[in-house]
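K.L.:
generate coordinates for the sequence data below:
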Amino acid sequence: MEIEIKLGPLTMQQVGDIFCDIKRLPVNGPARAIKMQTTYFDTPEGFFRQHRQTLRLRQEDDRFVCTFKTAAAGISRLELDCEAKTIEEGAVLLAAHPDLPESARQALAGGRFLPTCGARFTRQVRLCKVKDTAFELCADMGRLFNGQRTQELREVELELTEGDPAVLEAVARQLMEAYGVAVCEKSKQQRAMELGEVSL
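P.N.:
Below you'll find the model as predicted:
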């Protein structure tokens with residue numbers, strides 16, 4: 001289960017200021033940078049989009065990860081990952097996961113997937129700790145793409161690794177008040193898909 005809060009869209013200045021705010025985000029480890037390239041996939045019938053689910057293949061530096069996610073109204077959602085270099089390999093591994101919804105298992109078993117959109121960005125990551133709650137602070141900067149259309153990506157994510165989700169929400173509220181930013185209700189995939197829906 002993934003528990004995260006996303007803030008955005010942000011300016012470059014806001015991303016930098018939030019990432020370096022050690023007063024509200026006590027650092028518990030060194031920062032590291034990861035180059036990421038994500039491609040989102042769906043079945044030819046559009047199963048995953050219809051069910052508000054995500055199927056993606058992401059390269060993180062030299063590592064390849066295939067991920068399935070479900071949408072959620074709150075800050076938690078089901079996320080299943082496996083290491084795989086192709087979407088076909090990842091689909092087989094994900095389909096064997098016991099926590100995968102049965103309908104998604106059947107869609108993955110079909111073995112036919114089309115790329116829909118994607119993102120290229122650099123993620124700056126540092127581990128933070130407030131009381132007994134630890135979370136990753138991620139600053140993502142790059143571009144979303146859908147065909148030839150692109151859009152800037154600037155956002156910050158707080159992802160819980162251990163402890164109380166209420167503490168994570170409290171920290172996010174402090175950042176929102178301090179920097180005049182809001183929770184981003186749309187995923188990277190949703191925003192990238194919308195690029196393909198803009199009328200010429």
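
K.L.:
who are the neighbours in contact with the nearest residue to residue 85 once chain neighbours are set aside?
P.N.:
With sequence-adjacent residues excluded and distances taken as CB to CB, 6 or more residues apart in numbering, residue 85 is closest to residue 64, at 4.6 Å. Using the backbone N, CA and C atoms, a C-beta is placed for each residue, glycine as well. Contact analysis of residue 64 by CB atoms under 8 Å, 6 or more residues apart in numbering lists 57-58, 83-85.

K.L.:
how about residues contacting the longest helix seen in the chain?
P.N.:
If you go by DSSP state H, the chain has its longest helix at helix 165-179. The set of residues external to helix 165-179 that reach it, using CB under 8 Å, 6+ apart, is 3, 5, 7, 14, 17-18, 21, 24-25, 75-76, 130-131, 133, 135, 156, 158, 160, 181-183.

K.L.:
just to revisit the earlier point, who wins on neighbours among the contacts of residue 64?
P.N.:
residue 57 (24 neighbours; other CB atoms under 10 Å).

K.L.:
name the helix or strand of the protein that has the lowest mean pLDDT.
P.N.:
strand 76-77 (a mean of 84; mean pLDDT, DSSP states H and E).

K.L.:
past that one, which element shows up next along the chain?
P.N.:
Next helix or strand after strand 76-77 toward the C-terminus (DSSP states H and E): strand 79-83.

K.L.:
quick check: buried residues in the helix or strand following that following strand?
P.N.:
Using DSSP H and E, the next helix or strand after strand 79-83 towards the C-terminus is helix 87-95. Neighbour-count burial for helix 87-95, counted by 16 or more other CB atoms under 10 Å, picks out 87, 90-92, 94-95.

K.L.:
specify which member of those is nearest to residue 152.
P.N.:
residue 87 (26.2 Å; CB to CB).

K.L.:
what stretches of this protein score poorly on pLDDT?
P.N.:
Scanning the chain with the threshold set as pLDDT under 70 gives 72-73, 198-200.

K.L.:
which strand runs longest in it?
P.N.:
strand 114-130 (DSSP state E).

K.L.:
only C-alpha atoms, please: export whatever helix or strand comes next after it in CSV.
P.N.:
Toward the C-terminus, strand 114-130 is succeeded by strand 133-146 as the next helix or strand (DSSP H and E). The C-alpha trace of strand 133-146 is given here as CSV (Å, rounded to 0.1, in the frame of the first residue of the first chain):
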residue,chain,number,x,y,z
THR,A,133,7.3,9.0,11.3
ALA,A,134,9.7,8.7,8.3
PHE,A,135,9.0,9.7,4.8
GLU,A,136,10.7,10.3,1.5
LEU,A,137,10.6,13.9,0.1
CYS,A,138,10.7,13.7,-3.7
ALA,A,139,11.2,16.7,-6.0
ASP,A,140,10.3,15.9,-9.6
MET,A,141,11.3,18.2,-12.4
GLY,A,142,11.0,17.4,-16.1
ARG,A,143,8.3,17.0,-18.8
LEU,A,144,5.1,15.0,-19.4
PHE,A,145,4.5,13.9,-23.0
ASN,A,146,1.7,12.5,-25.1
